[in-house]
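Q: Give me coordinates for this.
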Amino acid sequence: MASLATVSGQVGVEMSTVPVRIIGRRLPGLTWSGRSGIHLGVQRGSEVVGLVRGDEGEARFDIEVELHVDAEGGADFRGPYVHGRRMQRYAYLVWGEVDDEGTFTMFQRVKLPLSPLLEQYGVDALRNSRRVHAFLELTDPKGRPVGATVRPPWVFWRL
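A: Got it, this is the predicted structure:
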């Protein structure tokens, strides 16, 4: 899957595509705190895609991230679903309301840091994995949609 390549003008940078499946459980429902038509999506670039209704049993998002490894072994994530600065990369899940015309209006986001993948599994395991899974609860103990940076134990990563 991985090969030495010239990536963004850098000779000797190895790039692998890592499939990631994000599975969110315990969605809050369609209404909460005066909001209605609650949906959750994943942010790709500046748009939110893959909307799931807030009353579904689970939300599942299949995305791909690029794992770039330089000649010194430094690793970084990139791609349309990856946001943030080098060494602080993350994916966003986005909460919003969908009105009667189908317009989505964001009201908060869930930041899913990607660095725990490198810390927990390392470059070689990620490069050779068939798919990475992230499992997380989407409703907090008070019944509110989760809207924060989620780290273990709120998210559980598995290859």
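
Q: name the element the nearest residue to residue 45 once chain neighbours are set aside belongs to?
A: With Cβ to Cβ, 6 or more residues apart in numbering as the measure, residue 80 is the residue that lies nearest to residue 45, at 5.2 Å, once sequence neighbours are left out. Where C-beta positions appear, they are placed from N, C-alpha and C, glycine not excepted. Using DSSP states H and E, residue 80 is not contained in any helix or strand.

Q: mind checking how far residue 80 is from residue 65?
A: In this structure, residue 80 lies at 9 Å from residue 65, with Cβ to Cβ, to the nearest Å as the measure.

Q: So the two - more neighbours on which side?
A: Under the neighbour definition other Cβ atoms under 10 Å, residue 80 and residue 65 were set side by side, and residue 65 has more, 22 against 15.

Q: Mind listing the residues bridging to that one?
A: Under the criterion DSSP bridges, residue 65 forms beta bridges with residue 18.

Q: check contacts around it.
A: Residues in contact with residue 65 (Cβ atoms under 8 Å, 6 or more residues apart in numbering) are 17-18, 20, 77-79, 81-82, 91, 114.

Q: of these, buried ones?
A: Of the members of those, the ones counted as buried by neighbours, 16 or more other Cβ atoms under 10 Å, are 18, 20, 77, 79, 81-82, 91, 114.

Q: Per-residue pLDDT of residue 5, please?
A: At residue 5 the predicted local distance difference test score is 41.

Q: Looks like residue 106 contacts residue 98 (just checking).
A: No: no contact is recorded between residue 106 and residue 98 when judged using Cβ atoms under 8 Å, the distance being 10.9 Å.

Q: So those two - more neighbours on which side?
A: Neighbours around residue 106 and residue 98, counted as other Cβ under 10 Å, are more numerous at residue 98. The numbers are 18 against 14.

Q: centroid residue for this structure?
A: With distances taken as Cα atoms, centre = their mean, residue 91 lies nearest the centre of the chain, 3.5 Å away.
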